[in-house]
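# For reference, the sequence and a predicted model appear below.
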Amino acid sequence: MVTDRRSEFEATLTRTAEARGQEAGAALQRASLLRDAIHRFIRNRAAVVAAVAFVVMVGFVILTPWLSHGSAYGVDFAQAYKSPSWAHPFGTDEFGRDLLVRTALGGRVSIAIGFAATIAIMIVGILYGAISGFAGGRIDDMLMRFLDALYGLPYLPFAIITLAIFGTVNFWTMVVALTIASWFTTARVMRGQIITLKENDYVRAANALGARWYRVLFRHLLPNTLGVILIFVFLELPGVVLGEAFLSFIGLGISPPKASWGTLAQDGYSAYEAHPYIIIIPSLAIAWLILSAFFVADGLRDALDPRTRET
Amino acid sequence: MLKFIVRRALWTIPVVLLVVFMTFVMMRQIKGNPFQVTERAVPVSIQRNLDRKYHLNKPWYTQYLYYVKGVFTADLGPSLVQRNQGVNDIIKEHFPVSLKLGGLAMLWAVVFGIPLGIIAALKQNSVFDYAVMTVVNSGYAIPNFLIATLLIYFFALKWRAYTPFPTNGWGGPSSWVLPAIALGHAPMTFFARIVRGSMLETLQQDYIRTAKAKGLRWRRVVGLHVLRNSLIPAVTAAAPLLGFLITGSFIVETIFGIPGIGKYFVTSVTGRDYSVTMGITIMLSLIIIVANLVVDILYGYLDPRTRDVRT
């Protein structure tokens, strides 16, 4: 559920790198390439709707706790299990806590964990992939064999074991566990990007002019992967959010009274017979975030490589 | 071809060793001597005997060798919580249930997913296509704990009078239906998406146009050329699907109260029965490694070009 979309992107992203390699020559041309990409993205209706939906969700999560006067932590048993109404648009939970505010606060945690883990995944994956692709030869071979070995493993058990090693579940241990479990694809894609870009004339020219390796890597290769990195941010984020929800749902979430969407869903599951809305709301919030992120990623890919559009 | 198979098969040995090593290293990081964790005070002499029995008095590399030997002779050690049961017994008892559930879920996924993908591709941009794509998007966006819970809520509670499905347990065939659907939903949408995508790509190929141009009836073109070429990706999709099934089984088995390996894994994590956690992790990893091997060989058979590239 989490990895499949990324591996589908792998194939087309190599073409993206090639396309950029051919077009990204002079600085002037590159500016127009960027403008082209933005233009294409804006013309893509699904992508724009998804981007708006994504921003709306992030805005909801950030703003609601300030704007709403519902109480996220105050226990009031007289208000327990109220169905959605004007006073409590998302209803209340078993302690009478307002679910609108709790959903927003849970979303803050889920999305924050999502972004933190995504950034960590990017750093690890980019470093690993860039080293592997840039060094080539023996080192590349070794690193890739190692990655291949890790690749097929069930990622959730390893995330769970990581959490068991830490002994406690909090924001940062969750980030580490999710990162350990899911940096492989990014590393592999980055390696592919670097290898493809390395073949370009301007890299050869830089080498011929005597540029040091770090200049080639940081000046010529990495900047050209920014587009792909951006796409991968939007591909990793949903996976991480879903992973966090799974872990929370089986009882390895951050501890109450704090909540994430996963722990809210778990709360809802324990009362689904009488009050199904409690599990539906956080689940739909997760679905909303995942869908919008995927369509943004889709739109970004199409914007960066117009040739993938037809499929 | 034989050389390819042998090389590919030999490659699994270091992978297995790496996985066992990683799992073992992670297992050792979890603090405490397993037999000292219990509240019951164990006399020193018994403690020493227990240590000796499980080689806990030996240095770590000896323990590792014992563990590797255990993995290759299919003996994953004792359970730490249920003293009279070995990890093997637990797997033997619970795994068949998960296997059956996974098999049923796959059956559901294949029987509905592939035809949905085929029809959606043949009627691209029709209402049916859009309906299928909506369902497909729900497959990776909506967490399966929501799907499982809603299935129970409607079919086992709300419409109890009209449907024969129980809310939980693993008894007769009527109790298999809802869990299989819940677990099979994501793979089903996965199949539909993969098949639809590869069908659309195949339909644009020159040989399809040629077949049409030479006057072949459309039904025959589809049956003879399109289907055969576009179902290959569905075959190779089997490996990531295992990931779906394993991750999904943790959730679905927990929700439906099915005594399978996924539920037991979750129980072992929350109950800190680490040897069981590790044993199940290794077993799941072995299954995935073998599945990858089979898929790669199948792929090498179906598409000879990949034989040299992949090890």
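That came through, no problem. Quantities reported herein were computed from a predicted structural model and do not represent experimental measurements. Numbering: from 1, shown residues only, chains lettered A, B, ... in the order given.
# need the residues of the stretch 1-150 of chain B near chain A, please.
Contact residues, the stretch 1-150 of chain B versus chain A (C-beta under 8 Å from any C-beta of the partner chain): B:14-15, B:18-19, B:23, B:26-27, B:29-31, B:137-146, B:149-150. (C-beta placed from N, C-alpha, C; glycine too.)
# Any quick ChimeraX command for the buried ones out of those residues?
Those of these that count as buried under 16 or more other C-beta atoms under 10 Å in any protein chain shown are selected in ChimeraX with:
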select /B:15,18,19,23,26,27,30,137,138,139,140,141,142,143,144,145,146,149,150
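# Now, the residues of the stretch 1-150 of chain B next to chain A that are in strands?
Secondary structure from DSSP state E places none of the residues of the stretch 1-150 of chain B next to chain A in strands.
# Write out the residues of the stretch 151-300 of chain B neighbouring chain A.
B:152-153, B:157, B:186, B:190, B:197, B:200-201, B:204, B:237, B:239-240, B:243-244, B:246-248, B:250-251, B:254-255, B:265-266, B:269-270, B:272, B:274, B:277-278, B:280-281, B:284-285, B:288-289, B:291-292.
# can you list the residues that contact stretch A:104-112?
Residues outside stretch A:104-112 that contact it (C-beta atoms under 8 Å, 6 or more residues apart in numbering or on different chains): A:57-58, A:60-65, A:68, A:72, A:171, A:241, A:244-245, A:254, A:258-264, A:282, A:285-286, A:289.
# Also near chain B: which of those, exactly?
When contact is defined as C-beta under 8 Å from any C-beta, these meet chain B at A:245, A:286.
# Show the buried residues in the contacts of stretch A:104-112.
The buried subset of these - by 16+ other C-beta under 10 Å - is A:57-58, A:60-61, A:64-65, A:72, A:241, A:244-245, A:254, A:258-264, A:282, A:285-286, A:289.
# Pull the number of nearby residues for B:Pro96.
12 (other C-beta atoms under 10 Å in any protein chain shown).
# Counting by contacts, list what the strand or helix carrying it packs against.
Counting by DSSP states H and E, the element that carries B:Pro96 is helix B:87-122. Counting contacts by 3 or more C-beta pairs under 8 Å, 6 or more residues apart in numbering or on different chains; DSSP states H and E, helix B:87-122 is packed against helix B:127-141, helix B:177-203, helix B:238-256, helix B:261-270, helix B:274-302.
# As JSON lines, these with mean pLDDT would be great.
JSON lines is the format used below for the helices and strands packed on helix B:87-122 (pLDDT from 0 to 100):
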{"stretch": "helix B:127-141", "mean pLDDT": "85"}
{"stretch": "helix B:177-203", "mean pLDDT": "88"}
{"stretch": "helix B:238-256", "mean pLDDT": "79"}
{"stretch": "helix B:261-270", "mean pLDDT": "82"}
{"stretch": "helix B:274-302", "mean pLDDT": "82"}
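# closest one to B:Tyr64 among those helices?
Among the helices and strands packed on helix B:87-122, helix B:274-302 comes nearest to B:Tyr64, with 12.4 Å by C-beta to C-beta.
# From the residues of the stretch 1-150 of chain B next to chain A, which land in helices?
B:14-15, B:18-19, B:23, B:26-27, B:29, B:137-141, B:144-146, B:149-150 (DSSP state H).
# Now find how far off-centre the top helix by length along chain A is within its chain.
Ranked by residue count and defined by DSSP H, the top helix of chain A is helix A:99-135. Offset of helix A:99-135 from its chain centre (C-alpha atoms, centre = their mean, to the nearest Å): 6 Å.
# Can you mark which positions in that helix are buried?
A:99-111, A:113-118, A:120-122, A:124-126, A:128-135.
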